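Chemist: Next one to model:
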Amino acid sequence: MTDLPPAARLLPEAPGNCHAEVVLDYDARLIRRKRLVTAQGAGFMVDLPEVTNLDAYWGFELEDGRCIRIRPAEESVLVITGDLPRLAWHIGNRHTPCQIEHGRLIIREDHVLERMLQGLGATITRAQLPFTPEGGAYGHGRTMGHAHGHSHGHEHSHDHRQGHSHGHGHAPDPVSG
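Modeler: Below is the predicted model:
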């Protein structure tokens, strides 16, 4: 049972007023059908026609006309400084979502990537920040993480010890470990 009427539509821009807000982490901002709860404790149903990245929207308009803002939650992230073009290439080569800002890159906390980036000379600081990475290069999509051990649209095995490409554009890892 929801406390508020269901969402009627997504809002690309801020309306004149805001009734409440939902605070969602990066994973929770990719939805199709879900009951969301506002920071004020009221629930409402969202039922979108397809899986949607909420990062492209300001919020929701409910069936009664009230508006609910979407706000990115603070998450455990790594703030990376150093040779940013080189470091960004290595992050992208691992299909890792990355927030690109002037003078720094931000990724979600990952001890394996942290070690790799430190090996490449990066300076890394842990922080709690809203995580809003770049969208996909071909529209408003998301880059899908490259976690080993699950399928994300193409099957392949990973044996980086041999230093070979495994079928979808990776160069051998220059840093072992």
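
Chemist: domain assignment for the protein?
Modeler: The chain breaks down into these domains under automatic domain parsing: 7-72, 75-149.

Chemist: Worst mean pLDDT among those?
Modeler: With a mean of 86, domain 75-149 has the lowest mean pLDDT of those.

Chemist: Provide the strand pairings for the lengthiest strand in the chain, with the direction of each partner.
Modeler: Secondary structure of the chain per DSSP state E: the longest strand is strand 43-53. Paired strands of strand 43-53, with direction, are strand 30-37 (antiparallel) (DSSP bridges).

Chemist: CA atoms of the partner strand as CSV?
Modeler: Below are the C-alpha coordinates for strand 30-37, written out as CSV (Å, rounded to 0.1, in the frame of the first residue of the first chain):
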residue,chain,number,x,y,z
LEU,A,30,18.1,2.5,-12.7
ILE,A,31,14.5,1.3,-12.4
ARG,A,32,11.4,0.2,-14.2
ARG,A,33,8.8,-0.8,-11.6
LYS,A,34,9.3,-0.1,-7.9
ARG,A,35,7.8,1.4,-4.8
LEU,A,36,10.0,4.3,-3.7
VAL,A,37,9.9,6.0,-0.3
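
Chemist: picking that back up, now the longest strand of the chain: buried residues?
Modeler: Under the neighbour-count criterion of 16 or more other Cβ atoms under 10 Å, strand 43-53 has 44-46, 52-53 buried. Just so you know, the C-beta spots here come from the backbone N, C-alpha and C atoms, and that holds for glycine as well.

Chemist: Please apply the same query to stretch 61-81.
Modeler: Those buried within stretch 61-81 under the rule 16+ other Cβ under 10 Å are 61-62, 66-70, 72-73, 75, 77-80.

Chemist: residue contacts, the residue nearest to the spatial centre of the chain?
Modeler: For the chain, the residue nearest the mean C-alpha position is Y26 (4.3 Å; Cα atoms, centre = their mean). Neighbour list for Y26: 72, 75, 97, 108, 131-133 [criterion: Cβ atoms under 8 Å, 6 or more residues apart in numbering].
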